[in-house]
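Colleague: what's the 3D shape of this:
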Amino acid sequence: MTRRIAVIGDVHYSLTNSLHGEDRKLFYHGLLDVFFSTKADLHVALGDISHNGTHEEWEEFISLAKHLAAKHNCNFQLIIGNHDTLHYTKSEIVALTKQPLYSMIEWQDLRIILLDTTKECSPLDWGGEIDEVQLQWLRSLRTHPSKVTAIFAHHPFPNTTSGSHEVMMSLAEPYEIYSELSQSNCRVIYINGHNHTHSVFADATLWPKWTFVQAASILSSPSFLLIDIALGQFRSSTIVIDDPAIHSAAYRLRHDMSHYHHPSI
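Modeller: Residues are numbered from 1 along each chain as shown. Have a look, this model is predicted:
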């Protein structure tokens, strides 16, 4: 059996510039409609849902995403990024999203792990971490049968995908996560956002049986990933939105957005 997971990178939904209302509607509705109309067993957003971390941005995006997910009968999950926790506590975000901060989805042939790698209300430090409570939860997964695992998190492992060698652009101390989830001979794919550019990394010496896949921000690259998993193997492909109007809207939105990083590569 082949499992397919559709993934969008950082969303950065912003309401600060009222002049771009039509661009915002065209871009997000257009891209998300293509995303959710793509058949998959699971659809995932990799965090930084809200650019400014405001309730209004969260509420408006979630309303749109859940409407389109229901329209196309999709199982939609999201994780949070550092922009999402700029002004709200994590408990407030859980109340808004109606989703846990981290969770596991168990299928017969595949385990899905959704992680929270953010710090709370930390605008000057946007690097990632896993708190002790979540580590304890990860340790409890040792009792589950070994199987192929797909991990979704906002921050990358350091020195893996593009940009992850830079300050505050990766997850601090990832080695316990690696240790806890490498207890078997099964393969692991780790899918993250944060650094705004598509990238794939594997090193059989440093990270045996692990593959790291990074999804670009949809504002920098109007596209999404398809992760196909079959017989213990992974295949990642990029689906680029082919509507020039959506690309033009993305350019205008990110050009007028303060504190948005558009990678040069």
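Colleague: count of neighbours near the closest residue to M1 other than its chain neighbours?
Modeller: Closest residue in space to M1, ignoring its immediate chain neighbours: D109 at 6.0 Å, by C-beta to C-beta, 6 or more residues apart in numbering. From N, CA and C alone the C-beta is placed, and that goes for glycine too. D109 has 13 neighbours, counted by other C-beta atoms under 10 Å.
Colleague: going forward, the N-terminal residue is numbered 33.
Modeller: Sounds good: first residue 33 from here, last item D141.
Colleague: how about D141, what does it touch?
Modeller: Counting by C-beta atoms under 8 Å, 6 or more residues apart in numbering, D141 makes contact with 33, 35, 179-180.
Colleague: ok, and the most crowded of these?
Modeller: Among the contacts of D141, V180 has the most neighbours (other C-beta under 10 Å), with 21 neighbours.
Colleague: quick one: contacts of stretch 56-70?
Modeller: Outside stretch 56-70, the residues that touch it by C-beta under 8 Å, 6+ apart are 38, 40, 43, 45-47, 75, 93, 96-97, 100-101, 103-104, 106, 108, 250-251, 254, 256, 258, 271, 273, 275, 277-278, 281-282, 285.
Colleague: okay, stretch 229-242 in CSV with CA atoms only?
Modeller: Below are the C-alpha coordinates for stretch 229-242, written out as CSV (Å, rounded to 0.1, in the frame of the first residue of the first chain):
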residue,chain,number,x,y,z
THR,A,229,13.3,26.9,0.9
HIS,A,230,12.9,23.4,-0.4
SER,A,231,15.8,21.1,0.5
VAL,A,232,16.5,17.4,1.0
PHE,A,233,19.4,15.9,3.1
ALA,A,234,20.6,12.5,3.9
ASP,A,235,23.8,11.2,5.5
ALA,A,236,24.0,7.5,6.1
THR,A,237,27.0,8.0,8.4
LEU,A,238,25.8,10.7,10.7
TRP,A,239,22.0,9.9,10.5
PRO,A,240,21.6,6.3,9.5
LYS,A,241,18.2,5.5,8.0
TRP,A,242,17.0,9.1,8.4
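Colleague: could you pull out the buried residues of that stretch?
Modeller: Buried residues in stretch 229-242, counted by 16 or more other C-beta atoms under 10 Å: 229-231, 233, 239, 241-242.
Colleague: between these, which is closest to Y120?
Modeller: Of all the buried residues of stretch 229-242, Y120 sits closest to T229, with 27.1 Å by C-beta to C-beta.
Colleague: which residue is the nearest non-sequential neighbour of that closest one?
Modeller: Excluding the flanking residues, the one nearest T229 by C-beta to C-beta, 6+ apart is P295, at 4.5 Å.
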